[in-house]
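1. Here's a sequence, model it:
(3 chains)
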Amino acid sequence: MQDYDKLLFAALILGPILFGALALISPSRGLRNAIVIIAAILTAGAGAFLITRTPLQFFMEPWTAHLATGLEFLIVLIVLGLAINIRSWLIAAMALIQLGLAASELLLPGQGGGTESAAPQFVVDNLALILVLVVSIVGSIICVYAIGYMKHHEQHAPPTAAGSGRFFFFLVGFLGAMNGLVMANDLKWLAIFWEATTLCSFMLIGHDRTPEAKNNAKLALLINTFGGLAMMVAGLIAHLSGHGENLSDLTAGWAMLPMALLCLAALTKSAQLPFQSWLLGAMVAPTPVSALLHSATMVKAGSYLVLRLAPAFSGTRLAVIIAIAGAFTFAAASALAIGQSNGKKVLAYSTIANLGLIVTCAGIGTPLAYAAGLFVLCFHAASKGLLFMCIGAIEQKIGSRDIEDMGGIMFLMPVTTVITLIGMGSMLLPPLGMLMSKWLAIESAMHAPLVLFLLVVGSALTVFFWAKWIGRIQTASYHREYKAEKLPFTILATLLLLVLAVVAGGLMTMPIFNAWIIPVVRGMTVAAWTADGLAQLDLAGQLPMWPFLVFLGLGLFVGLISFARFKEKNVREPFLCGENIQGGEHSYNFRSIGDSVNTAWSASYYMGSFFAESWLTPWVNLLAWMVILMLFGTMIGKL
Amino acid sequence: MTLTPQMLTVILAVVLGPILGALVSGLDRKITARVQGRWGPPIIQPFYDVLKLLRKEALGVNRIQIIYVWLHLAFMILTVVLLAMGQDMLMALFAYTFSSVALILGAMSVRSPYSRIGSHRKIMQMFAYEPVLILLIVGVYLITGSFQASSVAQQPLLVKLPLVFLTFLMAAAIKLEKSPFDIATSHHAHQELVKGITIEYAGPYLALIEITHFYEIFIVFAVVASFWATSPAIGLGLAAAGFLALIVVDNVFARLTPMWMLRYMWTVPLTLALSNIIWLYCA
Amino acid sequence: MSASSKSPWIVHYNCNSCNGCDIEFVACLTPMYDVERFGILHVGNPKHADILVVTGSVNHRDVRVLRNVYAQMPEPKVVVALGVCTSSGGIFADCYNIFGDVSKVIPVDVYVPACPPRPEAMIDGIVQALGILERKRAGEVMPSAAKPVLTLRPTAAAEAAPAAAQAAEQGNA
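-> So this is what the prediction gives:
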């Protein structure tokens, strides 16, 4: 390992934390913004540079083991302090147990007889590389976006809100913690960074310090501490049973119990059912936080961990349950999204559903499924980050995040709306990434009937809520010309950057799949994989892109020409039985009884009798807990 | 450039598809009229309709809806191309779904309650038939071991997928806007929502929707015929039988409410299709 | 005849009609007359229509509705006015709520007088309208139709004719 690899490593983990600290202490807003931009550029650059250096292994100096122990205690103590501060005795109890676990790990000798494992503490393989790229590029873009957003937010935030300096410290520092998490190989380091992301998200969700924000931050801390606890128990069992304390030691022979506990931790972090409530509550935070939590960091940590473990548990009963848990989340979260009119909540449920898809793919575990999981992970990060940024901009303009209020924004803010449309289109449109990954996932689920059925149901439900929403935001009367709205530069620049990435990536899905994903998957050695499965992977890669591009291009081209050539004299009001008011304020006003002026309006279908959140959530949670119990039930058979 | 048989199939399907679809549509109107004791329009009436619409004034409510009507057509042709190339069926289904979504989005972009309610009902229709179509593809995969559309020619699928065939006909009734499922827009006069989803499209734009619908008819009956792809004669007979069955159903049923459709499609046909799929898993 | 005149789609607007014309007009769709054999469809939406069929005299509220419906039809389009009321206000002509006849609001291309006209006469009127539609599509500017001559009270000759027929009938019996 060369020195500049060490530097790169430090830049990815310590860099963001350091710059975050600088942002915290910087006296003026201008300086702070400059620091955030520099941090973003450096982190993104370091992430991109990592491509050339992969694979990498980092062997830390022996003294860092003590550092890790110290950090572990420190973080657990912080959590304990926070828990006491917010009077949450449940969290405090869990933190105390964690403290006990950490202490017992220190005191009890492992079965390995105290010999140091030869495995590196940090590893950058292709999976970690993909995650680092997502974190450092998409995450950095979101941090820059936050500059413009927070300037506006400071003026409208409740007086209780914390300072922006602290906000940026946790926002930028989050990237460092996340990078550390995905590169960590040693379970102890993994747990440290895992808890660090939990702390960051707690601080960020509670940023506004309103009662709602405080409550939801507490909920996030509670559920994620529970996950952290599961992870520490897994670490302790691994330590005591002497199976090795590194992720790279995980093999099919590795004890299944710690594996299941790690999966449980991953499910909490990814807000999989029944742990979804914290992510929904996280919506109270300023939108850059939601964007970061949903696309680049936090929830991706859980799906990363499942993907990381997938080769180890592939083919076991644990894998079957994981696949069902993911697929159930996919279907149920999509159903819950239909009943929502709160735009951010719809996005949240969509995130949960897509993470469920990744978990399903990891559970199915064939090469094709694994490739599909990686695909969802990349494309979802870009699309969802973009969508949250758009909704944030829209919310600041119209003062509402309700879907029904978003009619007419096409005229109000055409640039943002078109970008939002592209972002939403990227979740539905055939040659683009999200749809391709759904296609791969369904094809790979063919041999697991229950999983397949849940995916089929979920994919039918997905179309429902997206179409509804897209239809609402592009609703507009005729306008001769659209005038671009004024957006803060950082917001506009980041939106354009990310939308370009989404479009470019979307149009190149099959080349990306063939040139990048297939070699990554083929480069892995998994005992359960057969030549047949690998052949399936290649077959999927043979899907020709040109018909999609040709017809999408033709449709858009001719459509835009017709758009441009449409004459104003051909405009007519919508049909309202002839009762339109000519020359009135709105083309959709009409006269009714007694010559009263009424507005033609039809709300979207939410199908409350089927998909009401309050009605559906208890039932799906019940089923999801059953799946979690089954997760551990499979262990009993093994014991 | 040489013309491979595959390219020839694609070109033929793209060119002849809408013509066949229009003829089927004309035949439908003729037979329906006869069933009702009328003489009915000439079989080539759909051509007259489309030619007339193409030459009418292109009215619109806004400009956004125009882009979507072109995407609607483009993705429907894409579906035909993918199927004719023998490509992945699931991908073809997604292209087909997006074609419908494009129509829905175009209809939603206008501030017309009729159009919006029509498009919501169209979403519910898609929601009702989508699982059935995916299960059809699953069934084909379980029999042939391949997702390629070209694989259906290996053996008569009807033998192993009788219930899926039945449910596909029910889905076809939705796709072709036949009673009892013609809730988003209706071919018969104007009763439902004043033409619902297509209400705000006039002249050439409506003609494009009609042409797309001809492609759709072609796809539906091509799929019905492919249930016995080993013998074209039996396949065509199957398509003709399905066609007649749909006309009979269309004429004897009243239109039903969207929720009724959803409840029905997610219970009876889905159970039928699922049991067919499950016995294939067990076999 | 080109495709335009082989596929006339009709939107029907009932202004202030007593529904007599409307019932007769709908009767055209029945198997007895079956106008669909000419490709005629009865659509509910002006945006899809070629021919606007109006029945009844125009009251004050109808004025803007009729204008709107007419404006929402794409060119080329023709208007067929059915019944006496559309050309004069008919028996409602002097009512307090009546604005007048259809031609005061939109240009009328064909009048089909009678109260109500027979379905055959209506079909005949539509066929006349098809010719006008065809010429409008070719770019001709068509003048509005002349109003049918009103016979407010039967003349002596007209009175005599039915009487003679009645006499002949009785004679036959």
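2. how close does residue A:151 get to residue A:30?
-> Distance from residue A:151 to residue A:30, counting by Cβ to Cβ, to the nearest Å: 11 Å. Every C-beta, even on glycine, is put in place using the N, C-alpha and C of the backbone.
3. now residue A:514
-> For residue A:514, the distance to residue A:30 equals 46 Å [Cβ to Cβ].
4. of those two, who's got more company?
-> Neighbours around residue A:514 and residue A:30, counted as other Cβ atoms under 10 Å in any protein chain shown, are more numerous at residue A:514. The numbers are 17 against 9.
5. Quick check: closest non-adjacent residue to that one.
-> residue A:541 (4.6 Å; Cβ to Cβ, 6 or more residues apart in numbering or on different chains).
6. Hmm, residue A:512 and that neighbour touching each other?
-> No - contact criterion Cβ atoms under 8 Å: residue A:541 and residue A:512 do not qualify, at 10.4 Å.
7. which residue packs closest to residue A:310, ignoring adjacent ones?
-> Ranked by Cβ to Cβ, 6+ apart and with sequence neighbours excluded, the top spatial neighbour of residue A:310 is residue A:362, at 4.0 Å.
8. Need the phi and psi values for the residue of chain C found nearest chain B.
-> Per Cβ to the nearest Cβ, residue C:44 is where chain C lies closest to chain B, at 2.9 Å. Dihedral angles of residue C:44 (phi, psi; degrees, to the nearest 10) stand at phi -100, psi 10.
9. Compute the distance between it and residue C:114, please.
-> 25 Å.
10. who's more crowded, these two?
-> Ranked by neighbour count (other Cβ under 10 Å), residue C:44 and residue C:114 place residue C:44 first, with 20 against 16.
11. Now do the more buried one, the pLDDT please.
-> pLDDT recorded at residue C:44 is 83.
12. returning to that earlier point: what's the neighbour count on the residue nearest to residue A:310?
-> Using other Cβ under 10 Å, residue A:362 is surrounded by 30 other residues.
13. mind checking the SS state of it?
-> Three-state call for residue A:362 (DSSP: H, G, I helix; E, B strand; the rest coil): helix.
14. give the contact list for it.
-> A:303, A:306-307, A:309-310, A:322-323, A:326, A:369-370, A:373 (Cβ atoms under 8 Å, 6 or more residues apart in numbering or on different chains).
15. Contact residues of chain C facing chain A?
-> C:13, C:45-47, C:64-69, C:71-72 (Cβ under 8 Å from any Cβ of the partner chain).
16. I figured residue B:122 was touching residue B:102, is that so?
-> No - shown here, residue B:122 and residue B:102 do not form a contact pair, counting by Cβ under 8 Å, at 11.1 Å.
17. gap between stretch A:293-313 and the chain center?
-> Stretch A:293-313 has its C-alpha centroid displaced from the chain centroid by 10 Å (Cα atoms, centre = their mean, to the nearest Å).
18. can you tell me the average pLDDT over it?
-> 85.
19. neighbours of residue B:33, just the number please.
-> 17.
20. Also residue B:27?
-> Residue B:27 has 16 neighbours, counted by other Cβ under 10 Å.
21. So the residue nearest to it when sequence neighbours are not counted: helix, strand or coil?
-> Nearest non-adjacent residue to residue B:27, counting by Cβ to Cβ, 6+ apart: residue B:43, 5.7 Å away. Per three-state DSSP, the secondary structure class of residue B:43 is coil.
22. State the pLDDT value of residue B:43.
-> Value for residue B:43, per-residue pLDDT: 91.
23. didn't it look like it was pressed against residue B:24?
-> No - between residue B:43 and residue B:24 there is no contact under Cβ under 8 Å: 9.5 Å.
24. Looking at those two now, which is surrounded by more residues?
-> Shown here are residue B:43 and residue B:24; by other Cβ under 10 Å, residue B:24 has more neighbours (20 against 17).
25. Now name the helix or strand holding that one.
-> Counting by DSSP states H and E, the element that carries residue B:24 is helix B:5-35.
26. So the next helix or strand after that helix, near chain A or not?
-> Next along the chain after helix B:5-35, taking DSSP H and E as the criterion, comes helix B:45-54. No - applying Cβ under 8 Å from any Cβ, one finds helix B:45-54 out of contact with chain A, separated by at least 13.3 Å.
27. what's the closest non-adjacent residue to residue C:5?
-> Per Cβ to Cβ, 6+ apart, closest to residue C:5 is residue C:130, 4.1 Å.
28. Now do the residue of the stretch 151-300 of chain A found nearest chain B against residue A:73, distance only.
-> Of all residues in the stretch 151-300 of chain A, residue A:273 sits closest to chain B, at 20.7 Å by Cβ to the nearest Cβ. Going from residue A:273 to residue A:73 by Cβ to Cβ gives 33 Å.
29. Please identify which of the two sits among more neighbours.
-> residue A:273 (27 against 15).
30. thinking again about what came up before, next step: the residues of chain C next to chain A restricted to helices.
-> Using DSSP state H, the members of the residues of chain C next to chain A that fall in helices are C:64-69, C:71.
31. so residue 17 is in which element?
-> Going with chain A. Per DSSP H and E: helix A:3-25 holds residue A:17.
32. From the contact counts, what lies against that helix?
-> With contacts defined as 3 or more Cβ pairs under 8 Å, 6 or more residues apart in numbering or on different chains; DSSP states H and E, helix A:3-25 has these neighbours: helix A:29-53, strand A:56-58, helix A:164-183.
33. hmm, 10 Å instead?
-> On a contact count with 3 or more Cβ pairs under 10 Å, 6 or more residues apart in numbering or on different chains; DSSP states H and E, helix A:3-25 meets helix A:29-53, strand A:56-58, strand A:122-124, helix A:139-156, helix A:164-183, helix A:187-205.
34. State the mean pLDDT of that helix.
-> Taken as a whole, helix A:3-25 has an average pLDDT of 83.
35. which parts of it are buried?
-> A:8-9, A:11-13, A:15-20, A:22-24 (16 or more other Cβ atoms under 10 Å in any protein chain shown).
36. Turn those into TSV, including distance to residue A:318.
-> Below are these laid out as TSV (distance: Cβ to Cβ, whole Å):
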residue	distance to residue A:318
A:8	35
A:9	32
A:11	37
A:12	31
A:13	31
A:15	37
A:16	34
A:17	35
A:18	39
A:19	40
A:20	37
A:22	44
A:23	42
A:24	42
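37. Assess the claim that residue A:95 and residue A:86 are in contact.
-> No - using Cβ atoms under 10 Å, residue A:95 makes no contact with residue A:86, being 11.9 Å away.
38. Residue A:438 belongs to a strand?
-> No - under three-state DSSP, residue A:438 falls outside any strand and is assigned helix.
39. pLDDT value on it, please?
-> Looking at residue A:438, its pLDDT is 87.
40. Please apply the same query to residue B:26.
-> Listed pLDDT for residue B:26 reads 92.
41. need the contact list for the residue nearest to it when sequence neighbours are not counted.
-> What sits nearest to residue B:26 in space, not counting adjacent residues and going by Cβ to Cβ, 6+ apart, is residue B:43, at 4.0 Å. Taking Cβ atoms under 10 Å, 6 or more residues apart in numbering or on different chains, we find residue B:43 in contact with B:22-31.
42. Repeat that for residue C:5.
-> Residues in contact with residue C:5, defined by Cβ under 10 Å, 6+ apart, are B:48, B:52, C:38-39, C:50, C:127, C:129-135, C:137.
43. Which of those residues fall within helices?
-> Using DSSP H, these in helices are B:48, B:52, C:127, C:129-135, C:137.
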